[in-house]
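1. Sequence first, then the predicted structure:
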Amino acid sequence: MKNLIISTAALALTAGMAMADTVRLGTEGAYPPYNFINDSGEVDGFERELGDELCKRAELPCEWVTNEWDSIIPNLLSGNYDAIIAGMSITAERKEVVNFSQGYTRPSPSAYAALSADVDLKGGVVSAQASTIQSSHVASSGATLVEFPSPDETVAAVQSGEVDAVMADKDFLLPIVQETELEFVGDDVFLGDGIGMAFRQSDDELRGKFDAAIASMKADGSLNALLDKWEIEGKF
C-alpha cells in the first residue's frame, strides 16, 4: 500500500499498447507475501498467482517484469510494461496519473514494529520505505522519518538501532515479528483504498479486461481463497 509522488504524467502520452501483444506485468519482487523472487529467480507470491489467474480469465498472454519501486510508475508510463501489480494502494494522488482496476484487497492495516514496547512513535525516529503511504503517514505524525529504498532496509534499521521503529504493511511485518525480536507496537493504521492494478490512462480496454477478471474471482470466492492462502488481510 504504497504512495508514489509522480511528476511525469506526460510520459503517458508516449506509451501505447497493442492488445494482441503479450501483456507485461510490472512488479517489485521485493515485498513478500505480495511479491518476491524465489530461489529459482522467478517472481512468486500472492500477486504472481493472482496475476497468472487474471491473465487466464482475461484470455491474455502475460509475462512478468521486475522494477524498483521508486520508478515503477514512471516506467509504466514510458511503456516498459503494461500494468503494475505490486502491492500498490489506490490513492487519489496516483489517480491523477494512472487508472486503477477495482481493488483486489480491501484496505488492510499498516503497523509499527520495534524492539521495545515503550518506543515513542510520535516523537521518535521511524523508518519506512520511500514513496509509500506509510512514509507519508510517518512524516505527518510528528515522528522523524527515515526513508530507505527497500522494505528489508527499513527493518534492518530498527534491528541495528538506527531508528526506533518501522512502519509498513502489517502483512509484510507479521512473519518478521514472528521470527525475530521485533514486536508490534501502537495501534494498527488503515491507509489507502485497498490494493489494485495500475494502468496507463490510455489503456481503458486492457483495464476493463482485468477488472472483469477480478470481479469474477470475487464472485466465485477464489480471490478470498488466495488471500487466505497467503495470509493477507482484506478479504471481500
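-> Received, thanks.

2. Output the longest strand belonging to the protein.
-> Counting residues, the longest strand found in the chain (DSSP state E) is strand 183-190.

3. Against which helices or strands is that strand packed?
-> On a contact count with 3 or more Cβ pairs under 8 Å, 6 or more residues apart in numbering; DSSP states H and E, strand 183-190 meets strand 109-114, helix 170-179. C-beta coordinates here come from the backbone N, C-alpha and C atoms, glycine included.

4. gap between residue 45 and residue 207?
-> Using Cβ to Cβ, to the nearest Å, residue 45 is found at 22 Å from residue 207.

5. oh, I was asking about residue 223
-> Between residue 223 and residue 207 the computed distance is 17 Å (Cβ to Cβ).

6. ok, now residue 127?
-> Residue 127 sits 34 Å away from residue 207, going by Cβ to Cβ.

7. before we move on, what about residue 166?
-> 33 Å.

8. Of those two, which one has the most company?
-> Shown here are residue 166 and residue 207; by other Cβ atoms under 10 Å, residue 166 has more neighbours (29 against 23).

9. Got the domain ranges for the chain?
-> Using automatic domain parsing, the domains assigned to the chain come out as 9-106+193-229, 109-190.

10. can you list those domains in a markdown table and add distance to residue 235 and mean pLDDT?
-> Listed next are the domains of the chain as a markdown table, based on distance: least, Cβ to Cβ, whole Å; pLDDT from 0 to 100:
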| stretch | distance to residue 235 | mean pLDDT |
| --- | --- | --- |
| domain 9-106+193-229 | 5 | 92 |
| domain 109-190 | 12 | 96 |
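
11. out of the ones you listed, which comes closest to residue 236?
-> Ranking those by proximity to residue 236 (Cβ to Cβ) places domain 9-106+193-229 first, at 5.2 Å.
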